[in-house]
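Q: Generate a structure from the sequence data that follows.
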Amino acid sequence: MRLRALLCLVVLAPALAAQQQPASSFTLEQVTSYPFPDELTAAATGSRIAWALNEQGRRNIWVAEAPDYRARQLTTYGVDDGQELTSVTLTPDGQRVLYVRGGDHGANWDAGAPNPLSSPTAPKIQLWSVAVGGGAPVLIGDGDEPAVSPKGNVVAFIREHQLWIAPTDGATPARRLFTTRGDLGDAAWSPDGSRLAFVANRGDHAFIGVFTNDSTPIRWLAPSTSRDGSPRWSPDGTRIVFVRRPGAGGAPEPALGQRPSPWALWTADVATGEGRVLWTSPETLRGSVPGTQGNYNLHWGASGRIVFLSYMDGWPHLYSLPEMGGAPLLLTPGRYMAEYITLTPDGRSLLFAANAGSTSDDIERRHIVRVPVDQATPEVLTPGTGLEWTPVMTGDGERIAFISATAQRPPLVATKPARGSAVAAAQLIGADRIPADFPSAKLVTPRAVTFRAPDGVEVHAQLFEAQNAFSGRPSPAIVYVHGGPPRQMLLGWHYSDYYTNAYALNQYLASLGYTVLSVNYRLGIGYGFDFHRAPKAGAQGAAEYTDVKAAGEWLRRQPYVDGARIGIYGGSYGGYLTALALARSSDLFAAGVDIHGVHDFTADGGRRLGFGEWRYEQ
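A: Predicted structure coming up:
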């Protein structure tokens, strides 16, 4: 992050700062020293929660529980070695935490293990277990994607594309559970822990299988030439709901233009393997496979309700339908999106993060929302000017845990009562991990602005106003362009560690006297389907660049901006748009920094030309 920030400063600052630049009131090291919590989870019973915390590259596992929810560190990884911690999972009784160390799970290429220290011993992707009561972590084995049994005694995981199993305490070595064709994944235990559902991906088709024991044949559920995935058990363990998509193959499709990507929900009887269609998506672009966080977000809730996410009304919303079929009920009407969706332990409600609230600016934030699985009565639980995401309810149903931030305060884990007033104050956890010299009080509050692109599309952005005046003269300005492109920048610290870095840098640039405009261009999320999957965008015409150019032109019209000193920077897809800006509009943008830009859209046999979201960078 600091290398990227220094690159921006080295290139942009000399080109834009024709007059003497004001000194910042804080250093780059200070504003990038924030801790970043992630992987928040809760035990199935009791009050305990767990998460991973990244402190300047040193990643460790932390827990907290009632009554005081005081943060406790369980692991002692003390070196910034680039090994991330993911798949953090508490055993149902809350006595152990399992986690994966290594890999690059946020990448869109293979999740190989980074080796930034150039260690002669290659890092591995490994599953570990640590007791909450104390002691050193225990290596379960090389592997990924753990699924802890509801009994808490064993964990299934993926090694070399097959399913393995081991005791959660690592008392005996892991063993291969069985062998079958395909790349296995999506492991899901039955509610009583006696059977394990999984997906066997065989390239152009995929099956749902159910493993019972070494002497019982695997049960394949309604096998076909389709691609099946996302198995979810019924509460009584007799049926499974899953997603079915058409199998791959057939005549080549044109590289340009958008076409529907259909899908359906099926249920199958586990005892017989017989299945039937429950619901079929509309044959429209909006009805296609959803391309936001969690994709289908499939859950089997209480009262016989099956919940899923769809864009079919123009926004990524939650729907539920009866387990025997029927018309879907829209649970979350309104102009907002639902992300990070979890089912409460009793199966009666859903918790999620949404850009919803009582003010127009809330479309640029995230708040925690709760909605019953069978009623369209969503309730914002964390109103205000803060930002909140990744909600989970504790196993005892008493508190909701989430990650909280503001425009000034970086992300922290927080909890609040699950019942009572929505305005009840949240309890912050681990605030003492924020360094004493972190410049919270010196950070600006970004302001939401909108403007129109030449074709009339409304564009949203966040304005970081320069802190230090240039002796009454207009300031230089910088446009920040995010990557993705299915991303949304917010009015505060972001829920992605990559974009917390960008937010910190934008704050630092503002402290140096630059006016910074972070633009949410079309192809991004947060503003509905027509913005997210805009026509003539990307390889079909780069319509999104007109939004970026409109951002620079908006800055040039502001009386406090020096229109001759406007720069631009961005990473990945934002790097590509930065390069496009310098190539097409060098009369507007005086300088720019293209950070790891993505420029070759002919890779992978041209599959990127369709602008599916399966292989984008940060």
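
Q: only C-alpha atoms for contact and neighbour calcs from this point on.
A: Noted.

Q: Distance of Gly112 relative to Gly170?
A: 24 Å (C-alpha to C-alpha, to the nearest Å).

Q: do the same with Gln162
A: Using C-alpha to C-alpha, Gln162 is found at 19 Å from Gly170.

Q: what about the helices in the stretch 401-550 of the chain?
A: 497-511, 529-532, 544-556 (DSSP state H, counting those that start in this stretch).

Q: Pipe the ones you listed into a markdown table and attach distance to Tyr77 and mean neighbour count per row.
A: As requested, the helices of the stretch 401-550 of the chain are exported to a markdown table (distance: least, C-alpha to C-alpha, whole Å; neighbours: other C-alpha atoms under 10 Å):
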| stretch | distance to Tyr77 | mean neighbour count |
| --- | --- | --- |
| helix 497-511 | 19 | 23 |
| helix 529-532 | 40 | 20 |
| helix 544-556 | 41 | 22 |
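
Q: Mean pLDDT and distance to Ser404 added to those, as TSV?
A: Shown next, in TSV, are the helices of the stretch 401-550 of the chain (pLDDT from 0 to 100; distance: least, C-alpha to C-alpha, whole Å):
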stretch	mean pLDDT	distance to Ser404
helix 497-511	97	13
helix 529-532	97	26
helix 544-556	99	29
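
Q: how about those helices in a markdown table, adding distance to Pro137?
A: Putting those into a markdown table (distance: least, C-alpha to C-alpha, whole Å) gives the following:
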| stretch | distance to Pro137 |
| --- | --- |
| helix 497-511 | 25 |
| helix 529-532 | 43 |
| helix 544-556 | 48 |
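
Q: nearest to Pro485, of the ones you listed?
A: Counting by C-alpha to C-alpha, Pro485 lies closest to helix 529-532 out of those; the figure is 8.8 Å.

Q: on that earlier part again, which of Gly112 and Gly170 has more residues huddled nearby?
A: Between Gly112 and Gly170, Gly170 has the larger neighbour count (other C-alpha atoms under 10 Å), namely 19 against 14.

Q: how close does that one get to Ala136?
A: For Gly170, the distance to Ala136 - C-alpha to C-alpha - is 12 Å.

Q: Next: Arg70.
A: For Arg70, the distance to Ala136 - C-alpha to C-alpha - is 21 Å.

Q: And Thr406, by the same measure?
A: Thr406 is 35 Å from Ala136, by C-alpha to C-alpha.

Q: Can you show me the strands along the stretch 351-500 of the chain?
A: Assigned by DSSP state E, counting those that start in this stretch, the strands in the stretch 351-500 of the chain fall at 367-372, 379-380, 387-393, 399-405, 412-417, 427-429, 447-452, 458-464, 475-481.

Q: Minimum distance to Trp189: which of these has it?
A: strand 387-393 (19.7 Å).

Q: Can you verify my assumption that Ala338 contacts Ser310?
A: No - assessed by C-alpha atoms under 8 Å, Ala338 is found out of contact with Ser310, at 10.0 Å.

Q: what about the two, which has more around it?
A: Ala338 (27 against 24).

Q: Is the more buried one bridged to anything, and to what?
A: Ala354 (DSSP bridges).

Q: ok, it to Ile306 distance?
A: Look at Ala338 and Ile306: by C-alpha to C-alpha, they are 16 Å apart.

Q: can you list the domain ranges for this protein.
A: If you go by automatic domain parsing, the domain ranges for the chain are 2-31+438-610, 36-177.

Q: mean pLDDT lowest for which of those?
A: Ranked by mean pLDDT, the domains of the chain bottom out at domain 2-31+438-610, which scores a mean of 90.
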